[in-house]
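Asks: Need the 3D shape of this:
(one chain, ligands or ions: 1)
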Amino acid sequence: MIRLHQLSKTFHRDGQGVEVLHDVDLEIAEGEVFGIIGRSGAGKSTLVRMFNLLERPDRGSVRIDGDDIIRFDAARLRRWRQRVGMVFQHFNLLYAKTVADNLRFALRLAGGHSPREVEARVDELLELVGLREHRDRYPAPLSGGQKQRVGIARALANRPRLLLCDEATSALDPETTQAILRLLARINQELRLTIVLITHEMDVVRSLCDRVAVLERGRVVEVGEVADVFLFPQHAVTRRLVSESQATAELDPLDLQGPASGGPLLRLTLLDEAATRPVLSQLSTETGVPLNIVRGAVGQLKGRPYGQLLVRLPDAAALAALRPALQRHRVEHELLAVHSRLPADEVAA
Ligand SMILES: Nc1ncnc2c1ncn2[C@@H]1O[C@H](COP(=O)(O)OP(=O)(O)OP(=O)(O)O)[C@@H](O)[C@H]1O
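Replies: Okay, the predicted model is just below:
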């Protein structure tokens, strides 16, 4: 549905050019929740502003159903912008207007609604985000979560095809964040609305996104399904972002020290059906190999159960015995460290 092709952008400051986006290629399918992550300054906000041309690229195209919006005339671009809702970290509400007036304002700005239609739509939106009883209140005394619900209702007012969320939950406490994520997930499901979001919160990506792209210095360095990117990160930046989230089992240098260290250290990853079975005890029973768990993380990635464990084996022979059983049980494994007193080729064999 949306295809970004070779998007590049350079900002000029003090006579110097800084390339903020470089040949970005992305495809976003209708109805998916697509996350963009990356370090501060990676270019995420600039990229997300290309979807409605709040920022224009120097090169490349932004195709919606095949049409390049960069070539739209002013009237067509205005119509497209009305089909793109935006949700911001700091809500950006009109504080001199009531909740209902914030929504009316968005509807009137787009035009084409009779006063009765406006009122009916305001009711519908307040119902959708669970704010009916706050209809005539001013935003200032509302909680952060309620303010963001107003922000989401406003973004949905004109029945967008695309919802852009720029750090939509970053100003909220964890519990409120969960409630807003549930609301966004319901909107995505019920309205089949495509959502593109930027966040520095990996838990947001974990629970809400279908796919994720990792941006580093203006380049997409990794893109894929959330489970693949989180459990098998390829790029160093992705590995760091994922490890900060503590959603996976990461190696700590301490794991390689101490009197208990010794045998090979493996990372086992179980996904979907494999994560619902007592695989570790099955592996031990079938092979007679004791698995010493060093670290572990279990949870869900967009509703898919997973587990990732670091386990230490007694010796290289145990690894050789375990490997066929790991394959049989569809457990991905990665050898992180070899016993220091054993030759590496004995373990690798
Ligand atoms: N209008 C502008 N003029 C000049 N430089 C800009 C402009 N907008 C952004 N930049 C620079 O472009 C780079 C990328 O900014 P951008 O806001 O897209 O990154 P980001 O990944 O969203 O960062 P953060 O997570 O900190 O918001 C930064 O170095 C920023 O200073």
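Asks: which residues of this structure fall in helices?
Replies: Along the chain, the stretches classed as helices by DSSP state H are 44-48, 74-82, 99-110, 115-129, 144-156, 174-191, 202-208, 226-231, 236-245, 279-287, 316-328, 344-348.
Asks: Using TSV, please lay out those together with mean neighbour count.
Replies: Backbone N, C-alpha and C define where each C-beta goes, glycine included. Converted to TSV, the helices of the chain look like this (neighbours: other Cβ atoms under 10 Å):
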stretch	mean neighbour count
helix 44-48	21
helix 74-82	13
helix 99-110	19
helix 115-129	16
helix 144-156	23
helix 174-191	16
helix 202-208	23
helix 226-231	22
helix 236-245	17
helix 279-287	15
helix 316-328	17
helix 344-348	13
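Asks: Of the ones you listed, which is nearest the ligand?
Replies: Closest approach to the ligand among the helices of the chain (Cβ to the nearest ligand atom): helix 44-48, 3.3 Å.
Asks: Would you mind extracting the C-alpha trace of the closest one into CSV?
Replies: Extracted C-alpha coordinates of helix 44-48, given in CSV (Å, rounded to 0.1, in the frame of the first residue of the first chain):
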residue,chain,number,x,y,z
LYS,A,44,13.1,8.6,12.6
SER,A,45,11.0,11.8,12.9
THR,A,46,12.2,13.1,9.6
LEU,A,47,11.3,9.7,8.0
VAL,A,48,7.8,9.6,9.5
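Asks: Look at residue 263 and say how many residues are nearby.
Replies: Neighbour count for residue 263, taken as other Cβ atoms under 10 Å: 24.
Asks: give the contact list for it.
Replies: 292, 312, 313, 314, 315, 316, 318, 319, 339 (Cβ atoms under 8 Å, 6 or more residues apart in numbering).
Asks: Pick out the most distant pair among these.
Replies: 292 and 316 (15.0 Å; Cβ to Cβ).
Asks: And the pLDDT for the nearest residue to residue 135 once chain neighbours are set aside?
Replies: In this structure, residue 135 finds its nearest non-sequential neighbour in residue 100, 4.8 Å apart by Cβ to Cβ, 6 or more residues apart in numbering. The model reports residue 100 with a pLDDT of 97.
Asks: any idea how far residue 335 is from residue 310?
Replies: Going from residue 310 to residue 335 by Cβ to Cβ, to the nearest Å gives 11 Å.
Asks: Between those two, which contacts overlap?
Replies: The contact sets of residue 310 and residue 335 overlap at 265, 266 (Cβ under 8 Å, 6+ apart).
Asks: The two - which one has more neighbours?
Replies: A count of neighbours by other Cβ under 10 Å puts residue 310 above the other of residue 310 and residue 335, at 23 against 15.
Asks: circling back to that earlier point, residues in contact with the residue nearest to residue 135?
Replies: 122, 126, 135, 136.
Asks: what about the closest residue to the second one other than its chain neighbours, how many neighbours?
Replies: Just to be clear, that refers to residue 126. Among residues not flanking residue 126 along the chain, residue 132 sits closest, at 4.8 Å (Cβ to Cβ, 6+ apart). Counted with other Cβ under 10 Å, residues neighbouring residue 132 total 12.
Asks: now residue 132: how far from the ligand?
Replies: With distances taken as Cβ to the nearest ligand atom, to the nearest Å, residue 132 is found 34 Å from the ligand.
Asks: ditto for residue 158
Replies: Distance, residue 158 to the ligand, by Cβ to the nearest ligand atom: 25 Å.
Asks: Now do the contacts for that residue.
Replies: Counting by Cβ under 8 Å, 6+ apart, residue 158 makes contact with 82, 83, 85, 106, 107, 110.
Asks: The ligand contacts on this protein?
Replies: 11, 13, 20, 38, 40, 41, 42, 43, 44, 45, 46 (Cβ under 6 Å from any ligand atom).
Asks: can you tell me which residues contact the fourth one?
Replies: Contacts for residue 38 were tallied using Cβ under 8 Å, 6+ apart; they are 44, 214, 215, 216, 237, 241.
Asks: For the fourth one, which non-adjacent residue is closest in space?
Replies: Same thing as residue 216. residue 237 (4.6 Å).
Asks: cool, the first one as well?
Replies: Closest residue in space to residue 44, ignoring its immediate chain neighbours: residue 198 at 4.3 Å, by Cβ to Cβ, 6+ apart.
Asks: ok, the closest residue to residue 121 other than its chain neighbours - contacts?
Replies: In this structure, residue 121 finds its nearest non-sequential neighbour in residue 107, 5.9 Å apart by Cβ to Cβ, 6+ apart. Residue 107 sits next to 113, 118, 121, 122, 157, 158 when contact means Cβ under 8 Å, 6+ apart.
Asks: Tell me how far residue 107 lies from residue 123.
Replies: Counting by Cβ to Cβ - residue 107 and residue 123 are separated by 12 Å.
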